[in-house]
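[1] curious how this folds, go ahead:
(one chain, ligands or ions: 2)
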Amino acid sequence: MAQEVFWRSKTLQQMTPQEWESLCDGCALCCLHKVEDEDTQEVFYTTVVCHLLDFDTCRCTRYEDRCTLVPDCVKLTPKDVDEFHWLPPTCAYRLVHEGQDLPEWHPLVSGDPLSAVEAGVSVLNVYEVRDDQITEDELVDYVID
Ligand code: SF4
Ligand code: SF4
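    Ligands and ions are numbered 1, 2, ... in the order given. Below is the predicted model of the structure:
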């Protein structure tokens, strides 16, 4: 009998560090800036992306130092799963947490590390400007409806 793949057979908390890392599909949608409504705590995505993104590979140029260089950069951990509702609906961590399967363009399914980019579901198809091209006050002008 074929063995069940780990993202269906394990919870996020049961995954090894390697499995956890491999779950990221490389979409970089979480590298878009977000704004929070102070009254409702609702989170809205913008089309403003972090300046540390590599626009050819759709990967972080400073992954190891990201949290130091960009204090807003979010490092996902298994302890935070209850907060994952703010992640993009296609994010693999959110999908697994919500009991859904991975899409066919996910690198773990396709076998191609760039398949999210090639499928047109990455931040490269969404962003309008880098955060070092606008002022902080202008961020709200880029909220995605
Ligand atoms: S949104 Fe999720 S899957 Fe996409 S890059 Fe961020 S953590 Fe990885
Ligand atoms: S520091 Fe890297 S991982 Fe963090 S938001 Fe910027 S590009 Fe994305």
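[2] how about the residue nearest the centre of the chain, what does it touch?
    The centroid of the chain falls nearest to Cys30 when counting by C-alpha atoms, centre = their mean (3.6 Å). Residues in contact with Cys30 (C-beta atoms under 8 Å, 6 or more residues apart in numbering) are 74, 76, 87-88, 91. Glycine gets a C-beta too; all of them are placed from N, C-alpha and C.
[3] nearest to Glu36 among these?
    Closest approach between the contacts of Cys30 and Glu36, by C-beta to C-beta: Val74, at 13.0 Å.
[4] show me what contacts that closest one?
    Val74 neighbours (C-beta under 8 Å, 6+ apart): Cys30.
[5] which SSE is it in?
    Assigned by DSSP states H and E, Val74 belongs to neither a helix nor a strand.
[6] what does Val35 give?
    Going by DSSP H and E, Val35 is in strand 32-36.
[7] got the buried residues for the helix or strand just after that strand?
    Tracing the chain C-terminally past strand 32-36 and defining elements by DSSP H and E, one meets strand 43-49 next. Within strand 43-49, the residues scored as buried using 16 or more other C-beta atoms under 10 Å are 45-46, 48-49.
[8] likewise stretch 82-95?
    For stretch 82-95, by 16+ other C-beta under 10 Å, it's 84, 86-88, 90-95.
[9] can you pull out the helices in this protein?
    Ranges of helices in the chain, per DSSP state H, are 6-9, 17-22, 66-69, 92-97, 107-110, 115-118.
[10] of the buried residues of strand 43-49, just say which sits nearest to ligand 1.
    Among the buried residues of strand 43-49, Tyr45 lies closest to ligand 1 (C-beta to the nearest ligand atom), at 10.5 Å.
[11] all set now, cheers.
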